[in-house]
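Enquirer: Sequence plus the predicted model coming up.
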Amino acid sequence: MRSAVIVFPGSNCDRDLAVAIRDVTGREPAMVWHRETELPADIGLIALPGGFSYGDYLRSGAMAARSPIMRAIADAAGRGVPVLGICNGFQVLTEAGLLPGALMRNAGLSFVCRDVSLTVETSQSIFTNRYSAGEGIRIPVAHHDGNYQADAATLDRLEGEGRVAFRYAEEVNGSARSIAGVINETGNVLGMMPHPERLMETAQGGTDGRRLFEGLLEAVA
Amino acid sequence: MKTRVYVTLKGGVLDPQGKAIHHALEGLGFSGVNDVRAGKLIELDLEDGVAEADIDAMCRKLLANTVIENYRIERGS
């Protein structure tokens, strides 16, 4: 099973994400430049990193979502390959239509860069099976556009179908219903604003993020 | 030919930037401003013969995010 980390111009968490995946899988992920049109043949996990692709021009993630590699990612996602988008990666996935909703400017207008408390909303997903539903965890965020918005019907559907993966347990950015991470209809695409790849070992202040990667690896192995 | 695309937030969508501008206007002593909404103006210089449908597709596929935004096309002469 190969993993791939997609690299856009302006990505800046791609190396952290690659280290996290390598730590857990024992294998170096392929670093795939956004101009590529194909993913590794035996692709088993696709990760879209944080950063500021295209300098957040037009809208965060808007230009990256129209990159050549996104067609291959949409195809793979359609075949059930797990896709994880963190921070800018989440913005790219919503802009690409692989996840519902949109991420707008933080309600307070400030860039928010700190540890935040989250509640894990479901353990019934390939991404959250190592957590307990209702569990509180702390994970860093670092974003300007993390204010998740969707129409009420979409929000109701996400909640009703157990597709809200994480919620903020404190006020962070004005997100509708405090949503911090959502899963697609078929359960194989997760987008989240917090950075689990920054909490992989105790030297980083905790391992609350590591379980996401471990659970995911177990699910796809 | 110049064509302008106006991108605005949909009605129910909270506009934090518009709110901040509103507060700043009040801070400068301007009264009578009920609300402020901030949007984008995108100017396209198009070759003659680009169809209306193509401009509409540009808006839907890239220029506006129709989850949260509306757009209006103003064709130049």
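Expert: Right, received. Where do you want to start? Numbers count the residues shown, from 1 in each chain, chains lettered A, B, ... in the order given.
Enquirer: could I have the helix-or-strand element of chain B with minimal mean pLDDT exported to PDB, CA atoms only?
Expert: Sorting the helices and strands of chain B by mean pLDDT, DSSP states H and E puts helix B:16-27 at the bottom, at a mean of 93. Output of helix B:16-27 as PDB, limited to C-alpha atoms (Å, rounded to 0.1, in the frame of the first residue of the first chain):
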ATOM      1  CA  PRO B  16     -17.200  38.900   9.100                       C
ATOM      2  CA  GLN B  17     -15.300  41.400   6.900                       C
ATOM      3  CA  GLY B  18     -18.400  43.400   6.100                       C
ATOM      4  CA  LYS B  19     -19.100  43.600   9.900                       C
ATOM      5  CA  ALA B  20     -15.600  44.800  10.600                       C
ATOM      6  CA  ILE B  21     -15.900  47.500   7.900                       C
ATOM      7  CA  HIS B  22     -19.200  48.500   9.400                       C
ATOM      8  CA  HIS B  23     -17.700  48.900  12.800                       C
ATOM      9  CA  ALA B  24     -14.800  50.900  11.300                       C
ATOM     10  CA  LEU B  25     -17.200  53.300   9.600                       C
ATOM     11  CA  GLU B  26     -19.000  53.800  12.800                       C
ATOM     12  CA  GLY B  27     -15.700  54.400  14.500                       C
END
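Enquirer: Buried residues, it. List them.
Expert: The neighbour-count check on helix B:16-27 (16 or more other CB atoms under 10 Å in any protein chain shown) flags B:16, B:19, B:22 as buried. All C-beta atoms are positioned from the backbone trio N, CA, C, and that covers glycine.
Enquirer: filter these by proximity to chain A?
Expert: Applying CB under 8 Å from any CB of the partner chain to those, one finds that residue B:16 fall near chain A.
Enquirer: I'd like the buried residues of helix B:16-27 as CSV, with distance to residue B:54 appended.
Expert: Listed next are the buried residues of helix B:16-27 as CSV, based on distance: CB to CB, whole Å:
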residue, distance to residue B:54
B:16, 33
B:19, 35
B:22, 36
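Enquirer: residue ranges for the strands of the chain, please.
Expert: All of this is about chain A. A:2-7, A:30-33, A:43-48, A:83-86, A:102-104, A:112-120, A:136-143, A:147-149, A:164-168, A:179-183, A:189-192 (DSSP state E).
Enquirer: I was thinking of chain B, sorry if that wasn't clear
Expert: Counting by DSSP E, the strands of chain B are B:2-9, B:40-45, B:69-75.
Enquirer: so can I have TSV of these showing mean pLDDT, mean neighbour count and distance to chain A?
Expert: As requested, these are exported to TSV (pLDDT from 0 to 100; neighbours: other CB atoms under 10 Å in any protein chain shown; distance: least, CB to the nearest CB, whole Å):
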stretch	mean pLDDT	mean neighbour count	distance to chain A
strand B:2-9	96	16	8
strand B:40-45	97	12	8
strand B:69-75	96	15	9
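Enquirer: export the ones you listed to TSV and tack on distance to residue A:200?
Expert: TSV is the format used below for the strands of chain B (distance: least, CB to CB, whole Å):
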stretch	distance to residue A:200
strand B:2-9	38
strand B:40-45	39
strand B:69-75	37
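Enquirer: what's near enough to touch residue A:37?
Expert: Residue A:37 is in contact with A:68-69, A:71-72, counting by CB atoms under 8 Å, 6 or more residues apart in numbering or on different chains.
Enquirer: now with 6 Å?
Expert: Shown in contact with residue A:37 (CB atoms under 6 Å, 6 or more residues apart in numbering or on different chains): residue A:68.
Enquirer: Quick check: beta-bridge partners of the residue in chain A that chain B sits nearest to?
Expert: Closest to chain B within chain A is residue A:102: 4.4 Å, counting by CB to the nearest CB. Beta bridges link residue A:102 to residue A:149 when assigned by DSSP bridges.
Enquirer: From what I see, it and residue B:67 are in contact.
Expert: Yes: using CB atoms under 6 Å, residue A:102 makes contact with residue B:67 at a distance of 4.4 Å.
Enquirer: Which one's more surrounded, these two?
Expert: Between residue A:102 and residue B:67, counted using other CB atoms under 10 Å in any protein chain shown, the more crowded position is residue A:102 (22 against 19).
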